[in-house]
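A.B. asks: Got a predicted structure plus its sequence, pasted below:
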Amino acid sequence: TIANANWNKPFNNQITLTGLDDALIDGDILLVLETLDPTSADVVYDSLDEIDVADLIFRNLDNDQAGFSVGNISNNLSENENLGSLTVVLDIKPNNDVFMNIASNDTSEVSVHPSFQQLQFTPLNWNIPQTVLMSGVDDPFIDGDNITQIIVSVDGSSDANFTAEAAQNVNVINIDNDVAQITITPLDQITGENGDSGSFSVRLTAMPSTSVQIGWASSNIKEGTVATSTITFTPANWDQEQIITVFGLDDFLLDGTQNVTFVTGDPHSLDTNYNILTDASVADLTLENLDNDFPGIILTGDIVATKAAESGTVTTSYELAPPLSETASSTTLFLQLNAQPNANVILSFIVPDPTEVGLNTTFLTFTPNNWNEPQSIIITGMDDYLFDGDILTNLIISVDATTPDPHYLTADYITLNLTNQDDDV
């Protein structure tokens, strides 16, 4: 209403127009303020129609801008392939569907789950955050922790108001799980002095950048040896186990089962991750070498075994092949030990019937130095001047109780059966 007193005072007759926020991306909107038919007690003014008064055109500037927000990664990823997540949401309601593409800039480090590589926002769900799942990717390289970017961008088929929006990147850390180590696994930890072999496998835990050489040495070269003292791994075969064969050696000693350690030397490589390893960084391997030596007396000469030796023993029952006779015939036999003793071994002889059999010695002594050198004994038929016919008798050879080597005190004795032919008529 314009008062009579204010007819010529425009500042007293102002109309204030306020733009309304609609939260829509609808651009600037032109609006018309239409003037209606004036009414007044003044007939001159009252006679004016609405067409006699100009309408007012004004512009309502849009303040709504297309955009989207990306949350931070939930946690660090690792090459153990754990999961992580982030969220994406639109900042404003779109007029049409908006498609968001999710990608990793290094798929060898981080992989976006296939179900989350594209998100769809509609005018109905635009303000509901959507979750994206991703995982660390395992590689065989010692490459340290790596930063990978997850790229979130608007697909070109989206609402035109959003297609010009710049992509957003989120940094993700993928923690390396590769460590330079050399793994040794026992396969067969028993070798034997009879030639039985043992074995172990060797492999690297991560791919080297160049060749890696590893060597072994036996801690006791009299008990065990390695078939291949040095092996080489390359970037091509680093993940393939190499089998190392070890052999027990026969030492002819009564030493029982012996532990043999195959000592790993310093690895050598131009790859610093492996070259910094020392012999202390790599496990040695200890095997058992089973002793095949046992105490025993070996008798040779013109004799015949009457009973086969059992495993782990020597023959202990013989028969003298040519008979003795009372004409003072004699036979020479030879004795030695089956294994090297740790101390002197004394052999004694028992002749049950000295009237029929004579022996040139009562004792023989073997030392750790001459144990395998044959010593002789002479057996002679004795004449008794009796008409007693051919006599069957024997000779017993045993380890004397005074022997200082305890192993040989357990040795079996030898029985030699023989015949002394009578010469009396």
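C.D. replies: Sure thing, it's come through.

A.B. asks: quick one, what contacts Asp143?
C.D. replies: The contact partners of Asp143, by CB atoms under 8 Å, 6 or more residues apart in numbering, come to 176, 178. Where you see a C-beta, it was placed from the backbone N, CA and C, and this is true even at glycine.

A.B. asks: how many other residues sit next to Glu50?
C.D. replies: 11 (other CB atoms under 10 Å).

A.B. asks: scratch that, Val152 is what I was asking about
C.D. replies: Using other CB under 10 Å, Val152 has 21 other residues around it.

A.B. asks: check contacts around it.
C.D. replies: Going by CB under 8 Å, 6+ apart, Val152 touches 68, 70, 88, 100-102, 167-170.

A.B. asks: so what's it bridging to?
C.D. replies: For Val152, the beta-bridge partners under DSSP bridges are Ile102, Gln168.

A.B. asks: Would you mind listing where the chain has pLDDT under the threshold?
C.D. replies: Where the chain drops to pLDDT under 70, the residues are 23, 26-28, 62-63, 311-312, 425.

A.B. asks: Buried only: go through the contacts of Val152 for me.
C.D. replies: For these, a burial check counting by 16 or more other CB atoms under 10 Å picks out 68, 70, 88, 100-102, 168, 170.

A.B. asks: Any chance of JSON lines for those residues, columns distance to Ser281?
C.D. replies: As requested, those are exported to JSON lines (distance: CB to CB, whole Å):
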{"residue": "Phe68", "distance to Ser281": "51"}
{"residue": "Val70", "distance to Ser281": "44"}
{"residue": "Val88", "distance to Ser281": "46"}
{"residue": "Met100", "distance to Ser281": "49"}
{"residue": "Asn101", "distance to Ser281": "46"}
{"residue": "Ile102", "distance to Ser281": "42"}
{"residue": "Gln168", "distance to Ser281": "45"}
{"residue": "Val170", "distance to Ser281": "38"}
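
A.B. asks: circling back: reformat the contacts of Val152 as a markdown table; add distance to Phe252.
C.D. replies: Output for these, formatted as a markdown table (distance: CB to CB, whole Å):
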| residue | distance to Phe252 |
| --- | --- |
| Phe68 | 85 |
| Val70 | 78 |
| Val88 | 79 |
| Met100 | 81 |
| Asn101 | 78 |
| Ile102 | 74 |
| Ala167 | 80 |
| Gln168 | 80 |
| Asn169 | 75 |
| Val170 | 73 |
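
A.B. asks: where does the closest residue to Asp106 other than its chain neighbours land in three-state SS?
C.D. replies: Nearest non-adjacent residue to Asp106, counting by CB to CB, 6 or more residues apart in numbering: Thr148, 4.7 Å away. Classification of Thr148 by DSSP: H, G, I helix; E, B strand; the rest coil places it in strand.

A.B. asks: so Thr148 makes contact with Asn174?
C.D. replies: Yes: here Thr148 reaches Asn174: they are 5.9 Å apart, a contact under CB atoms under 8 Å.

A.B. asks: I'd like to know how many residues surround the residue nearest to Ser348 when sequence neighbours are not counted.
C.D. replies: Nearest non-adjacent residue to Ser348, counting by CB to CB, 6+ apart: Asp400, 4.1 Å away. Counted with other CB under 10 Å, residues neighbouring Asp400 total 16.
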